[in-house]
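Peer 1: Structure, please.
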Amino acid sequence: MHIFDHLLAMPDELKNLFDDFPSLLFHQEPESWDGIPGERFAITGQLCHLLDIEIQGYQHRFHRTVNETMPELPSLDGYLLAELNQYKQADPKQVLMQFRLARLQTVKMLKALKTEDYSRRANFGSYGEVSLLGLAHLLRSHDLQHLACMHWLRMRLLYSTEL
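Peer 2: The predicted model follows:
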């Protein structure tokens, strides 16, 4: 399935974008968050959020969807996770490595499923009823949202007149 290729590409996409940021900006927040296409996290916070949502969100959601009948999958409060997991003190390079390993684990789990498992369904917050394969596409959508956030931060922190 092509979705696996897209999911597996994310760690490299993330690293390539991250490598373009000067280290002094890893924890820098813009003066204004107007227009950001997602959560208001600095670069390191974006990475931490992706890692937390990968492990505590999607890996858990996939597992429950395969093993339960029509589970109710809760959304996670990203800002609460940021506070609890101290995103502002995190080492972004370590987080990138952890994300790579977590994503490999996610895709390995998905590839090991039987074809009929991809049709299993769950209720997922405001998305409503969704199949397991649909959840995989939502994960990719989440990836793209946070890549967009990082591009937005690059624009705001490096190329904005506010600096």
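Peer 1: Distance from the chain centre to the host helix or strand of Ser141, please.
Peer 2: If you go by DSSP states H and E, Ser141 is part of helix 132-158. On the basis of CA atoms, centre = their mean, to the nearest Å, helix 132-158 sits 7 Å off its chain's mean C-alpha point.
Peer 1: For Leu7, grab the count of nearby residues.
Peer 2: Leu7 has 22 neighbours, counted by other CB atoms under 10 Å. The way it works is simple: take the backbone N, C-alpha and C, and place the C-beta from them, glycine included.
Peer 1: now the protein, which segments are flagged as low pLDDT?
Peer 2: 1, 161-163 (pLDDT under 70).
Peer 1: who's in contact with the most centrally placed residue in it?
Peer 2: When CA atoms, centre = their mean is applied to the chain, the residue found nearest the centroid is Leu50 (3.1 Å). Counting by CB atoms under 8 Å, 6 or more residues apart in numbering, Leu50 makes contact with 14, 99, 142-143, 146.
Peer 1: and what of Cys149?
Peer 2: 36-39, 41, 46.
Peer 1: Mind jotting down where the helices sit in the protein?
Peer 2: 2-18, 43-52, 60-67, 78-84, 92-111, 132-158 (DSSP state H).
Peer 1: which of the ones you listed is buried the deepest?
Peer 2: helix 43-52 (a mean of 25; mean count of other CB atoms under 10 Å).
Peer 1: quick one: that helix to helix 2-18, angle?
Peer 2: 160 degrees (axes from the mean of the first three to the mean of the last three CA atoms, to 10 degrees).
Peer 1: now the angle between helix 132-158 and helix 43-52, please.
Peer 2: 170 degrees.
Peer 1: quick one: contacts for the closest residue to Leu51 other than its chain neighbours?
Peer 2: Using CB to CB, 6 or more residues apart in numbering and skipping residues adjacent in sequence, the residue nearest Leu51 is Phe99, 4.6 Å away. Phe99 makes contacts with 11, 14, 47, 50-51, 54, as judged by CB under 8 Å, 6+ apart.
Peer 1: Reformat these into JSON lines and put distance to Tyr79 next to each item.
Peer 2: As requested, the contacts of Phe99 are exported to JSON lines (distance: CB to CB, whole Å):
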{"residue": "Pro11", "distance to Tyr79": "24"}
{"residue": "Leu14", "distance to Tyr79": "21"}
{"residue": "Leu47", "distance to Tyr79": "16"}
{"residue": "Leu50", "distance to Tyr79": "15"}
{"residue": "Leu51", "distance to Tyr79": "15"}
{"residue": "Glu54", "distance to Tyr79": "17"}
